[in-house]
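Chemist: coordinates only, no sequence provided:
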């Protein structure tokens, strides 16, 4: 609700606009009022737009400053808004405090609203996992009991997992560009990676994918160990080398292959100072890049179109999933994000 204007309350009938950020961009979705609504004001607009987060913040800053200057000119009295805005600006100048406020927001709390034990746990874990990893894991913990989820993640991280070695070609990062939108970054990196590893547009068998990760193909085929399902997947780096411990949460072959490919992208893109490389269900830029990379690395778009030959029926989608070794959902999302199927935008 904190992302929706009507939740602002105080008796105002705000327009039904939702703000959703991935860390770089903000998606704005406006829905029209229900025709059956008895409200005195009805909203008609129906749109979805995306703006850069920095541009959005600059516009909000300018708008609040304008409101405050007009209030000062008309009444001359110091308002509650002025006090709040001064506090926000002061917090922005303190890097540690600003990082804490950001973490609180990602966890779903108001400023100073996060329980002390939650923030203590997050800061303690960040020393082992890395600050960037904590920001990726915080959305996973958002909810009524973040400490419980954190403890589940820590217990999951202590499992033996699968030892792997991921040594991506050094030329990859020299060619990588972070200026495109997240899904295009993932697709481009996957194409460069396939070329660097010498793969063509054919499906990747388990043996080839396992060779990239230097592990047994059996680790990508099934996992029925009976342990509780984890809230995320992890690659944990072992020192400064290329050795990692893979902790995959999926149980079936398509899911294991997709998660392994996501963590391959993490190893390529994440700076060496970060120890934990998380793969989650959240919609941050980092997770979008991962999912786009995995989709294109395992199922090249051009090869997928050639296989389907214009037939997007459920039967063809199922056959394509079996052919490329990915789930039907991954095929649908890959097509939707290339505007070949009707679906919500940017599902990856």
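Modeler: Cool, got the structure. Computed from a predicted model, the values in this text were never measured in an experiment.
Chemist: tell me which element the nearest residue to residue 100 once chain neighbours are set aside falls in.
Modeler: Excluding the flanking residues, the one nearest residue 100 by Cβ to Cβ, 6 or more residues apart in numbering is residue 119, at 6.9 Å. The C-beta positions use only the backbone N, C-alpha and C, and glycine is treated the same way. Using DSSP states H and E, residue 119 sits within helix 116-129.
Chemist: buried residues of that helix, list them for me.
Modeler: Using 16 or more other Cβ atoms under 10 Å as the test for burial, helix 116-129 gives 118, 119, 121, 122, 125, 126, 129.
Chemist: for the last one, give its distance to residue 266.
Modeler: In this case it means residue 129. 13 Å (Cβ to Cβ, to the nearest Å).
Chemist: go on, the fourth one?
Modeler: Look at residue 122 and residue 266: by Cβ to Cβ, they are 20 Å apart.
Chemist: same question for the fifth one.
Modeler: To residue 266, residue 125 is 18 Å away according to Cβ to Cβ.
Chemist: for residue 324, same thing?
Modeler: 21 Å.
Chemist: what number of residues lie near the nearest residue to residue 282 once chain neighbours are set aside?
Modeler: Nearest non-adjacent residue to residue 282, counting by Cβ to Cβ, 6+ apart: residue 139, 4.0 Å away. Neighbour count for residue 139, taken as other Cβ atoms under 10 Å: 18.
Chemist: report all helices and strands that the helix or strand hosting residue 139 contacts.
Modeler: If you go by DSSP H and E, residue 139 is part of helix 131-141. Applying 3 or more Cβ pairs under 8 Å, 6 or more residues apart in numbering; DSSP states H and E, we find helix 131-141 packed against helix 95-107, helix 116-129, helix 146-157, strand 276-279, helix 285-298.
Chemist: how about the ones you listed, which one is nearest residue 238?
Modeler: Closest of those to residue 238 is strand 276-279, at 11.7 Å (criterion: Cβ to Cβ).
Chemist: go through that closest one and flag the buried ones.
Modeler: Result for strand 276-279 [16+ other Cβ under 10 Å]: buried residues 276, 277, 278, 279.
Chemist: ok, stretch 27-41 next?
Modeler: 27, 29, 30.
Chemist: could you look up the SS state of the second one?
Modeler: Reducing the assignment to helix, strand or coil with DSSP: H, G, I helix; E, B strand; the rest coil, the entry for residue 29 is strand.
Chemist: the helix or strand of the chain with the lowest mean pLDDT: what's the following helix or strand?
Modeler: The helix or strand of the chain with the poorest confidence is helix 171-175; it has a mean of 69 (mean pLDDT, DSSP states H and E). With elements assigned by DSSP H and E, the helix or strand that comes after helix 171-175 is helix 182-197.
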